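Visitor: Here is my input, please return the structure:
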Amino acid sequence: MSHQIACSYCGFTYELKKPVNICVKCGGALLYRFNLYNLKISKIDLEKKYDVFWKYSIFLPINNLTNIVSLGEFYTPILHLPKESVFGFGNVFVKDDGRLPTGTFKARGMSVAVSILRELGVGRVAIPSAGNAAAALAAYGARAGMEVYTFMPRDAPLSTLKECVSYGARVYLVDGLIGDAARIVDRLKGKYGWFDLSTNKQPYRFEGYKLMAYEISEQFDWHPPDVIVFPTGGGEGVIGLWKGFRELVELGWIGESEVPRLIIVQSSGCAPLVKAFREGKGEVEEPWPNARTIAAGLRVPKPYASYLVLRAIRETDGYAVAVSDEEILSSMRALAREGLFVCPEAAATHAALPHLLEEGAVDPSDRILLYLTGSGLKYLDVIEVDVGRLPVLSRDADSLP
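Guide: Residues are numbered from 1 along each chain as shown. The predicted structure follows:
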């Protein structure tokens, strides 16, 4: 299958055999383009294979499958939620990516990116991250034998810091936000010879995220849900979904009218994409001031290539909404009562439901998929439990207080 790398803004094309970041002509984000017409495979052929992430490797820009770097990725489950737990909606489903390696959907992007870069001969990588992307890169980089440098805000979740250190990455804390970390990586990458794996600043991570669209479509018997609600900081997940569904339409595996409406959720403490969408802007023009939220992955004041995120929303007749930290915590508790212990970012999708209904963005009869992007085990510090108030039993207790 022939393919190329092209700028999503100006269309300038790039060599496949050299690692690339952003467009040198206009600074736009780069995307792979595939010639899907010559592909001699059907969805029925793929359905016969085991439900693992890499069954769709034919749609990835990896020439030699021995270069795949895997930690055992599999299809993550889709579950139906009862009406009483989702504000009375009758057709709400969740997809739980907290089951993936490193506990977040970031495993998808990093497994593919590290595999492609390994094939291209890259041995040293760096990333600015709110936490989870760094942990995923550290894990897959360790598996591939790469040198990994991570740069995170000093208040990044402790769990992800411990992960990165444990995987052997070089960890640097930045006295600032993710944008400050990104500027350090950009400023020093030439001096230290890193490949910059920043969100949206290379075409490789999108290829892992686009397979979410393939996986979801297959799990819904090739009739995807009407709506996908996705928590969004930098926006690579939404861009990946948009790209994947476009490819499925091109393949003829789903119809144009079956592409789900993509709805992003941000925190009201950092909602630059929501603001830009509602103001009819083509991109985020100014960083969100004083960005604060318990959902570290949503604290991205000015995402790079925001124009692509907004394009994905508008081309799918989607929407954008913000929820408060209080609503996020409430939704974490509600989902936990359904047996789903999720991270704040994931819970934001649940918290968005009443807003979406009130604002007319969804219909009560819509089939809605909430994308749960990570496990709550990575954010134990935001779960408050007064252990001192829990009853303590003696070893010979014969009744409960």
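Visitor: May I see the buried residues of stretch 80-99?
Guide: Under the neighbour-count criterion of 16 or more other C-beta atoms under 10 Å, stretch 80-99 has 81, 85-87, 89, 91-99 buried. For glycine as for every other residue, the C-beta is placed from the backbone atoms N, C-alpha and C.
Visitor: Tell me the spacing between residue 119 and residue 144.
Guide: Going from residue 119 to residue 144 by C-beta to C-beta, to the nearest Å gives 10 Å.
Visitor: about what we covered before: show only the entries of the buried residues of stretch 80-99 found in helices.
Guide: Of the buried residues of stretch 80-99, none are assigned to helices by DSSP state H.
Visitor: which of the residues you listed lies closest to residue 327?
Guide: residue 87 (11.4 Å; C-beta to C-beta).
Visitor: returning to what we had before: can you say which two of the buried residues of stretch 80-99 are spatially most distant?
Guide: Within the buried residues of stretch 80-99, 87 and 99 form the most distant pair, 24.9 Å apart (C-beta to C-beta).
Visitor: Quick one: mean pLDDT for stretch 113-126?
Guide: Stretch 113-126 shows a mean pLDDT of 97.
Visitor: for that stretch, the distance to its chain's centre please.
Guide: 20 Å (C-alpha atoms, centre = their mean, to the nearest Å).
Visitor: Ok, stretch 176-194 next?
Guide: Taking C-alpha atoms, centre = their mean, one finds stretch 176-194 lying 21 Å from the centre of the chain it belongs to.
Visitor: With stretch 293-302 instead?
Guide: Taking the mean of its C-alpha atoms, stretch 293-302 sits 13 Å from the chain's own mean (C-alpha atoms, centre = their mean).
Visitor: export that stretch as PDB, just CAs?
Guide: Extracted in PDB, the C-alpha atoms of stretch 293-302 (Å, rounded to 0.1, in the frame of the first residue of the first chain):
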ATOM      1  CA  THR A 293      -8.000  21.600  36.800                       C
ATOM      2  CA  ILE A 294      -7.600  18.200  38.600                       C
ATOM      3  CA  ALA A 295      -7.600  16.600  35.200                       C
ATOM      4  CA  ALA A 296      -3.900  17.000  34.300                       C
ATOM      5  CA  GLY A 297      -4.400  15.700  30.800                       C
ATOM      6  CA  LEU A 298      -6.900  18.500  30.000                       C
ATOM      7  CA  ARG A 299      -4.600  21.300  31.200                       C
ATOM      8  CA  VAL A 300      -3.200  22.400  27.800                       C
ATOM      9  CA  PRO A 301      -3.600  26.200  27.500                       C
ATOM     10  CA  LYS A 302      -2.900  26.400  23.800                       C
END
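Visitor: tell me which residues of stretch 96-114 are tucked away?
Guide: Neighbour-count burial for stretch 96-114 flags 96-114 (criterion: 16+ other C-beta under 10 Å).
Visitor: same question, stretch 214-229
Guide: 214-220, 224-229.
Visitor: got the contact list for that stretch?
Guide: Outside stretch 214-229, the residues that touch it by C-beta atoms under 8 Å, 6 or more residues apart in numbering are 43, 46-47, 53, 56, 59, 75-76, 78, 93, 95, 213, 241, 244-245, 248, 253-254, 258-265, 349, 352-353, 356, 362, 366-371.
Visitor: Got a quick ChimeraX command for the buried subset of these?
Guide: Here is the ChimeraX selection string for the buried members of the contacts of stretch 214-229, based on 16+ other C-beta under 10 Å:
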select :46,53,56,59,75,76,93,95,213,241,244,245,248,253,254,258,259,260,261,262,263,264,265,349,352,353,356,362,366,367,368,369,370,371
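Visitor: So which of the contacts of stretch 214-229 sit within helices?
Guide: 43, 46-47, 213, 241, 244-245, 248, 349, 352-353, 356.
Visitor: With respect to residue 203, which of those residues is nearest?
Guide: For the ones in helices among the contacts of stretch 214-229, the nearest to residue 203 is residue 244 (13.9 Å; C-beta to C-beta).
Visitor: separation between the nearest residue to the closest one once chain neighbours are set aside and residue 343?
Guide: Spatial nearest neighbour of residue 244, excluding adjacent residues (C-beta to C-beta, 6 or more residues apart in numbering): residue 213 at 2.7 Å. Distance, residue 213 to residue 343, using C-beta to C-beta: 22 Å.
Visitor: now what about stretch 266-274, what contacts it?
Guide: Residues from elsewhere that reach stretch 266-274, judged by C-beta under 8 Å, 6+ apart: 231-233, 235, 264, 284, 286-288, 291-295, 298-303, 306, 309-310, 320-325, 328, 348.
Visitor: My read is that residue 98 contacts residue 339, right?
Guide: No. Counting by C-beta atoms under 8 Å, residue 98 does not reach residue 339; the two are 11.9 Å apart.
Visitor: gap between the two ends of stretch 7-24?
Guide: 9 Å (C-alpha to C-alpha, to the nearest Å).
Visitor: Give me the contact list for that stretch.
Guide: By C-beta under 8 Å, 6+ apart, stretch 7-24 touches 3-6, 25-31, 61, 117, 120, 122, 195-196, 198, 201-203, 305, 307-308.
Visitor: Just the residues you listed: which are in strands?
Guide: Using DSSP state E, the subset of those located in strands is 3-6, 30-31, 195-196.
Visitor: Closest to residue 177 out of those?
Guide: Lowest distance from residue 177 to the ones in strands among the contacts of stretch 7-24 (C-beta to C-beta) belongs to residue 196, with 17.5 Å.
Visitor: Report the separation between the closest one and residue 20.
Guide: Noted for residue 196: a distance of 10 Å to residue 20, by C-beta to C-beta.
Visitor: same thing with residue 326?
Guide: Per C-beta to C-beta, residue 326 is found 42 Å from residue 20.
Visitor: cool, and residue 348?
Guide: 32 Å.
Visitor: who's more crowded, those two?
Guide: Remark: of residue 348 and residue 20, residue 348 carries more neighbours, 33 against 18, as counted by other C-beta atoms under 10 Å.
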